[in-house]
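Chemist: Here is my input; please provide its structure:
(one chain, ligands or ions: 1)
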Amino acid sequence: MSHDNLLFSPKTIGQIPLQNRIVMAPMTRSRAINNAPNDTMLDYYRQRNSAGLLITEGTSPSADGLGYARIPGLFNQEQADAWGKIATAVHAGGSKLVVQLMHTGRVGHGLNLPEGKTLIAPSAVAAAGQMWTDQQGMQDHPVPKAMDKNDLERVKSDYVHASKLAIAAGLDGVELHAANGYLLGQFLNPRSNLRTDEYGGSPENRRRYLLEVVDAVVAEIGAGHVGIRISPFNPFNDLAANYDGEEAEYLELVRELANRNLAYLHLIATPGAVPDSAVDAIRKAFPGPLMLAGDFNRERAEAVLHSGLADVVAFGRPFIGNPDLPERLLKNIELNAFNPDALYTPGPQGYSDYLTHAELAAA
Ligand SMILES: Cc1cc2nc3c(=O)[nH]c(=O)nc-3n(C[C@H](O)[C@H](O)[C@H](O)COP(=O)(O)O)c2cc1C
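Modeler: Below you'll find the model as predicted:
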């Protein structure tokens, strides 16, 4: 193996053997009309099946976690079957598929939820800011209902049910989304979690719900099929960031996760936003497979793999316009730009119509 292509070497994470160390980061693209995957999405994931691992867009385990317009769910058989077809298409290229389970919590709007569903969150605190609704354009985030004990149990069992459906449908695992200010991240953060019961207050209490969900999902599908994504120091979705004790809290969380032998820990470590010293400390606290994301190119990816800082590297935006990203990285082929106006629009334009290098050369 030459010294500068570790990215293209295989690596097994938990129970998931990867053909290379290039991961597609989870990216919401809002193509799931009626919250179920469709043939346009099947095309999109199939086109990218040369990666080691594809992580799906954020996918809700619960009807009341569908806070954004046109995001997919994984709580009924129709959705599970559609995800299963995508897994088959992904496997045909040698890649693997894990579904990112994202309950949006307070980051949502009633107009985006199915009829009769209510926005829920750790506490009745609205996120500052607005969100898109297909019916009425941009709307303020509403004040969510604080989850009671029944809600906590029900949503936890929704995560377990979604994980069970995923494995039964042939996916390789799940990634619990505890980053970027969605439900599990809302429990962790002192601005969105003002609870006075055992799920709020101290850092230990704020991480309790997340760890309960991890343990319940692990008990159902096995630790080797479960990853988790975190984003310390990230103010996205109106979270407190860089608050006193944040790094220590995250290190403690990472140690708890390390004890559980998960398939991987996925850390958003964008340079400039997360101090290098914090990434180093997390690496030391987590001996299992570590995935880093945030502004990677080939050179930086090789550097973190060679130094041992990461075991696999996730690329987000570069995959949008480059379905054949691994080949382009390997051969140092220039990357296609993507159309930022089509990130969240319905339909194939700016989504599944980007060409590979070979297709462009033939055209
Ligand atoms: C269009 C778009 C949608 C995204 N949706 C999600 C998502 O559903 N879940 C998530 O954890 N991160 C999401 N992200 C963040 C990416 O996974 C990734 O962390 C980020 O883009 C940084 O990586 P990059 O610099 O390689 O793009 C999204 C990013 C983009 C650009």
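Chemist: quick one, what contacts the residue lying closest to Gln130 once chain neighbours are set aside?
Modeler: Closest residue to Gln130 apart from its sequence neighbours, by CB to CB, 6 or more residues apart in numbering: Met138 at 4.5 Å. For the C-beta atoms, the positions are set from N, CA and C on the backbone; glycine is no exception. Contacts here follow CB atoms under 8 Å, 6 or more residues apart in numbering; on that basis Met138 touches 130-132.
Chemist: Helix or strand next in line after the helix or strand containing Met138, which one?
Modeler: Assigned by DSSP states H and E, Met138 belongs to strand 137-140. Downstream of strand 137-140, the next assigned helix or strand under DSSP H and E is strand 145-146.
Chemist: Quick check: neighbours of that next one in the sheet, parallel or antiparallel?
Modeler: Sheet pairing for strand 145-146, assigned by DSSP bridges, gives strand 120-121 (parallel).
Chemist: Give the next helix or strand downstream of the partner strand.
Modeler: Under the assignment DSSP H and E, the closest C-terminal helix or strand after strand 120-121 is strand 130-133.
Chemist: Let me know the average pLDDT across stretch 250-268.
Modeler: For stretch 250-268, the mean pLDDT works out to 98.
Chemist: What pairs with the strand holding Met138, parallel or antiparallel?
Modeler: Strand pairing for strand 137-140, determined by DSSP bridges: strand 130-133 (antiparallel).
Chemist: ok, and what's touching stretch 255-263?
Modeler: Stretch 255-263 has contacts (CB under 8 Å, 6+ apart) with 13-16, 98, 173, 207, 211, 214-215, 218, 223-228, 265, 285-289.
Chemist: First-to-last residue distance for that stretch?
Modeler: Chord length of stretch 255-263, first to last residue, is 15 Å (CA to CA, to the nearest Å).
Chemist: same check, this time on stretch 282-292
Modeler: End-to-end distance for stretch 282-292, by CA to CA: 11 Å.
Chemist: How about residues contacting it?
Modeler: Contact partners of stretch 282-292, identified using CB under 8 Å, 6+ apart, comprise 11, 13-14, 23, 227, 232, 250-251, 254-255, 257-258, 261-267, 269, 279, 304, 308-314.
Chemist: Now intersect the residues you listed with the helices, please.
Modeler: 250-251, 254-255, 257-258, 279, 304 (DSSP state H).
Chemist: Nearest to the ligand among these?
Modeler: Proximity of these to the ligand (CB to the nearest ligand atom) peaks at Val304, which lies at 13.0 Å.
Chemist: where does the nearest residue to the closest one once chain neighbours are set aside fall, phi/psi-wise?
Modeler: Once flanking residues are discounted, Val304 sits nearest to Ala310: 4.2 Å by CB to CB, 6+ apart. Main-chain torsions, Ala310, degrees, to the nearest 10: phi -140, psi 160.
Chemist: Let's see the pLDDT reported for Ala310.
Modeler: In this model, Ala310 is scored at 98, pLDDT.
Chemist: do Ala241 as well
Modeler: 96.
Chemist: mind showing which ranges of the chain have poor pLDDT?
Modeler: 1-3 (pLDDT under 70).
Chemist: Show me the strands in it, by range?
Modeler: Using DSSP state E, the strands of the chain run over 11-13, 16-18, 22-24, 53-59, 96-101, 120-121, 130-133, 137-140, 145-146, 173-177, 226-230, 264-268, 290-293, 312-315.
Chemist: now those strands in CSV, with distance to Gln349?
Modeler: Formatted as CSV, these follow (distance: least, CB to CB, whole Å):
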stretch, distance to Gln349
strand 11-13, 34
strand 16-18, 31
strand 22-24, 20
strand 53-59, 17
strand 96-101, 24
strand 120-121, 34
strand 130-133, 18
strand 137-140, 21
strand 145-146, 37
strand 173-177, 27
strand 226-230, 28
strand 264-268, 28
strand 290-293, 26
strand 312-315, 22
